[in-house]
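[1] please find the sequence and the predicted model below.
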Amino acid sequence: MVNKRLGDVVKQERLKLNLSQNALAEQAKVSLRTVSDIETYNGNPRLDTLYALANYLHISIDAVFSDKKSNMDSTMQIQ
């Protein structure tokens, strides 16, 4: 269930920024394979990878581990 939420949130935020998977991977300094695996619910990213993606996409890691939507207010986002 966490993998699905993670994949959905990452893809949704990536598309909002009009980024390809490759562009997101380059900008967040993670591999294309990692982004692809996460978005297809196959990934089990390391914490530093999750942090890099969440930080770049301005999403809360809490959103991945709870039923909260990714539309977090600024007080819940990673700074």
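    Looks like it came in fine.

[2] pull the CA atoms of the longest helix belonging to the chain into PDB?
    Using DSSP state H, we find that the single longest helix of the chain is helix 2-16. Taking Å, rounded to 0.1, in the frame of the first residue of the first chain, the C-alpha atoms of helix 2-16 are listed here in PDB:
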ATOM      1  CA  VAL A   2       2.900   2.400   0.800                       C
ATOM      2  CA  ASN A   3       4.500   1.600  -2.600                       C
ATOM      3  CA  LYS A   4       1.300   2.500  -4.400                       C
ATOM      4  CA  ARG A   5       0.900   5.800  -2.500                       C
ATOM      5  CA  LEU A   6       4.600   6.600  -3.100                       C
ATOM      6  CA  GLY A   7       4.400   5.900  -6.800                       C
ATOM      7  CA  ASP A   8       1.100   7.800  -7.200                       C
ATOM      8  CA  VAL A   9       2.400  10.900  -5.300                       C
ATOM      9  CA  VAL A  10       5.800  11.000  -7.100                       C
ATOM     10  CA  LYS A  11       4.100  10.600 -10.500                       C
ATOM     11  CA  GLN A  12       1.400  13.200  -9.800                       C
ATOM     12  CA  GLU A  13       4.000  15.800  -8.600                       C
ATOM     13  CA  ARG A  14       6.400  15.000 -11.500                       C
ATOM     14  CA  LEU A  15       3.600  15.600 -14.000                       C
ATOM     15  CA  LYS A  16       2.500  18.900 -12.300                       C
END
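
[3] who does that helix touch, helix- and strand-wise?
    helix 21-28, helix 32-39, helix 47-57, helix 61-65 (3 or more C-beta pairs under 8 Å, 6 or more residues apart in numbering; DSSP states H and E). The way it works is simple: take the backbone N, C-alpha and C, and place the C-beta from them, glycine included.

[4] 7 Å instead?
    Applying 3 or more C-beta pairs under 7 Å, 6 or more residues apart in numbering; DSSP states H and E, one finds that helix 2-16 contacts helix 32-39, helix 47-57, helix 61-65.
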